[in-house]
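>>> below are the sequence and a predicted model for it; my questions follow.
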Amino acid sequence: MIDLDFDRQHLWHPYTSMQNPLPVYPVVGARGVHLQLEDGRTLVDGMASWWSVIHGYRHPVIDAAITDQLGRMAHVMFGGLTHDPAVQLAQRLVQWTPPGLEQVFLCDSGSVSVEVAIKQALQYWISLGRPRKVRLATPRRGYHGDTFAAMSVCDPVTGMHHLFSGALQPQYFVAAPATPFGQACVPQELDELRQLLASRHEEIAAVILEPIVQGAGRMYFYSADYLRGVRALCDEYDVLLIADEIATGFGRSGKLFACEHAGISPDILCLGKALTGGYLTLAATLCTRRVSAAISRAGGVFMHGPTFMGNPLACAAAVASIDLLLQSPWQASIAAIESQLRVELQPCAALPGVREVRVLGAIGVVELAQPVDMAAAQRFFVERGVWLRPFGRLLYLMPPYIITAPELRALTSAIYAFARTTAAH
């Protein structure tokens, strides 16, 4: 039996208090889209373990890739050494990410990928003799992770890091994109960013944003015109563009990478979450040769080197996961999930207390008028045989791509039931 009392007394879970922690549910196994609880119940997982387990749990191909690599070596330092899984992973990333991204820096996690991207942007301008360009600009309502540079570009209100505001590097925030995905964006929507870059481009190193999908900050899908406009403004005012695709990369939005919706390439790209199919922590920061050449001029080196950089087990899992995705009918799978989400979540829009229903790719969102009680919500969903973790006012789904229609219906039905119950109270 899992010692839940010890867990409660000593294990600090994410985004919770040690004084009065949220309840946790003991998991003893997982397969496909199901989590097996210690008490024998199984739950349909609508979170894909924070959006990473795109192929489901215990996929035999990824299992075999890790087992095979374990028989060779589990880890070796990446300083001065290399190995085949890292090379194979870099080959795939260079081939399949947006054009022009040719240099791959392997990182530990999504937040670290953002840290690396920001350091690359700053070191780029320092190397070019423009050391004043050390600030970042970003749309409000964004979220980029929990480490310090990443926290500095999260929304000061919705980004969950306001407690640290006095210790963070001040950055420039502009109005969040407001035009929904699929609609034409009026030029005025970019006026604040345009004015900021016009007046401050000599001190701004980069604009960082989440392309098309603002994730943990608001779960909002915005117009591709806005992203195209940001790319154009960065080019006009000599500012780098960092695209944080940690949540959207590898098919989640219906394109392999969300930048493809706008037909643009960033100067620096952050990847994580689904990179290994949810098996092991690994991330990557890709940049153009323009960026790497500037940093490397006159023998310059990029000042970053994690201990577990390029871990062979994680790289082997990532290679297997990417190959699985590209060899599968993933576009059809995402389209089917999107279609079912649109049909089955739309009735929520008619319920009192529901502000909006939004769907894009394999992402479904029901935004409520009031925040949910997390403990009560999780208990409600577990009792109905599903695993969902709302936050704030948002009930949302990001299931594994292999989910079947009946499994997905169990999730959408539970969300409708919760929204209806909430409205009744």
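Sure thing, it's come through.
>>> where exactly do the helices run in this structure?
For the chain, the helices defined by DSSP state H occupy 4-10, 48-51, 60-70, 84-96, 110-127, 148-152, 191-200, 224-236, 289-296, 312-327, 330-345, 374-383, 405-424.
>>> and among those, the most buried is which?
Across those, averaging neighbours per residue (mean count of other Cβ atoms under 10 Å) puts helix 110-127 on top, at a mean of 24. Where C-beta positions appear, they are placed from N, C-alpha and C, glycine not excepted.
>>> and that helix, what does it pack onto?
Here helix 110-127 touches strand 103-107, helix 148-152, strand 204-209, strand 240-244, strand 268-271, strand 283-287, helix 289-296, going by 3 or more Cβ pairs under 8 Å, 6 or more residues apart in numbering; DSSP states H and E.
>>> got the CA positions of it in CSV?
The C-alpha coordinates for helix 110-127 follow below in CSV (Å, rounded to 0.1, in the frame of the first residue of the first chain):
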residue,chain,number,x,y,z
GLY,A,110,10.6,22.9,-20.8
SER,A,111,11.4,25.7,-18.4
VAL,A,112,15.1,25.2,-18.9
SER,A,113,14.5,25.3,-22.7
VAL,A,114,13.0,28.8,-22.2
GLU,A,115,16.0,29.8,-20.0
VAL,A,116,18.3,28.6,-22.7
ALA,A,117,16.4,30.5,-25.4
ILE,A,118,16.6,33.7,-23.4
LYS,A,119,20.3,33.3,-22.7
GLN,A,120,20.9,32.7,-26.4
ALA,A,121,19.0,35.8,-27.3
LEU,A,122,21.0,37.9,-24.9
GLN,A,123,24.3,36.4,-25.8
TYR,A,124,23.6,36.9,-29.5
TRP,A,125,23.3,40.7,-29.0
ILE,A,126,26.3,40.8,-26.6
SER,A,127,28.4,39.0,-29.2
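>>> and that helix with strand 103-107, angle?
Taking axes from the mean of the first three to the mean of the last three Cα atoms, to 10 degrees, helix 110-127 and strand 103-107 form an angle of 130 degrees between their directions.
>>> how about residues contacting stretch 145-153?
Stretch 145-153 is touched from outside by 109-112, 114-115, 118-119, 136, 138, 142, 144, 154, 159, 161, 164, 167-171, 208, 246, with contacts defined as Cβ atoms under 8 Å, 6 or more residues apart in numbering.
>>> would you mind listing the buried residues in stretch 343-354?
For stretch 343-354, burial by neighbour count (16 or more other Cβ atoms under 10 Å) applies to 344, 345, 348, 351, 354.
>>> for the last one, report the pLDDT, please.
In this case it means residue 354. Here, the pLDDT recorded for residue 354 equals 96.
>>> quick check: it touching residue 345?
No. Using Cβ atoms under 8 Å, residue 354 makes no contact with residue 345, being 9.9 Å away.
>>> quick one: residue 8 and residue 21 touch, right?
Yes. Assessed by Cβ under 8 Å, residue 8 is found in contact with residue 21 at 6.0 Å.
>>> quick one on the thing from earlier: quick one: which of the helices of the chain is nearest residue 77?
For those, distance to residue 77 was read as Cβ to Cβ. The smallest value, 10.9 Å, belongs to helix 312-327.
>>> per-residue confidence averaged over the closest one?
The average pLDDT within helix 312-327 is 98.
>>> now for it, which elements pack on it?
Helix 312-327 sits against helix 60-70, helix 84-96, with contacts defined as 3+ Cβ pairs under 8 Å, 6+ apart.
>>> report the distance from it to the chain centre.
Distance of helix 312-327 from the chain centroid (Cα atoms, centre = their mean, to the nearest Å) equals 18 Å.
>>> most centrally placed residue in this protein?
In the chain, the residue lying closest to the centroid (Cα atoms, centre = their mean) is residue 247, at 1.9 Å.
>>> how close does the residue lying closest to it once chain neighbours are set aside sit to residue 273?
Nearest non-adjacent residue to residue 247, counting by Cβ to Cβ, 6 or more residues apart in numbering: residue 215, 4.3 Å away. Going from residue 215 to residue 273 by Cβ to Cβ, to the nearest Å gives 10 Å.
>>> overlap in contacts of those two?
residue 247.
>>> number of residues surrounding residue 238?
13 (other Cβ atoms under 10 Å).
>>> list the contacts of it.
By Cβ under 8 Å, 6+ apart, the contact set of residue 238 is residue 201.
>>> begin at 298, not 1, for the rest of this chat.
All set: I'll call the first residue 298, so the last point we hit is now residue 535.
>>> before we move on, back to that, present the helices and strands packed on helix 609-624 as TSV; the columns should include mean pLDDT and distance to residue 523.
Supplementary listing: the helices and strands packed on helix 609-624 in TSV, determined by pLDDT from 0 to 100; distance: least, Cβ to Cβ, whole Å:
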stretch	mean pLDDT	distance to residue 523
helix 357-367	98	36
helix 381-393	98	24
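>>> can you check which of the ones you listed gets nearest to residue 692?
helix 357-367 (29.5 Å).
>>> packing partners for the closest one?
Using 3+ Cβ pairs under 8 Å, 6+ apart: helix 357-367 touches helix 609-624.
>>> contacts for the helix it packs on next, please.
Counting by Cβ under 8 Å, 6+ apart, residues outside helix 609-624 touching it are 351-352, 356, 358-359, 361-363, 365-367, 369-373, 380, 382-383, 385-386, 389-390, 393, 403, 547-548, 571-574, 576-579, 605, 698.
>>> if we use 7 Å, what do you get?
For helix 609-624, the external contacting residues (Cβ atoms under 7 Å, 6 or more residues apart in numbering) are 351-352, 358-359, 362-363, 366-367, 370-373, 380, 382-383, 385-386, 389, 547-548, 572-574, 576-579.
>>> ditto for stretch 705-722
Outside stretch 705-722, the residues that reach it (Cβ under 7 Å, 6+ apart) are 341, 343, 634, 637-638, 641-642, 644-645, 648-651, 663, 665, 674, 677-678, 681-683, 685, 692, 694, 696.
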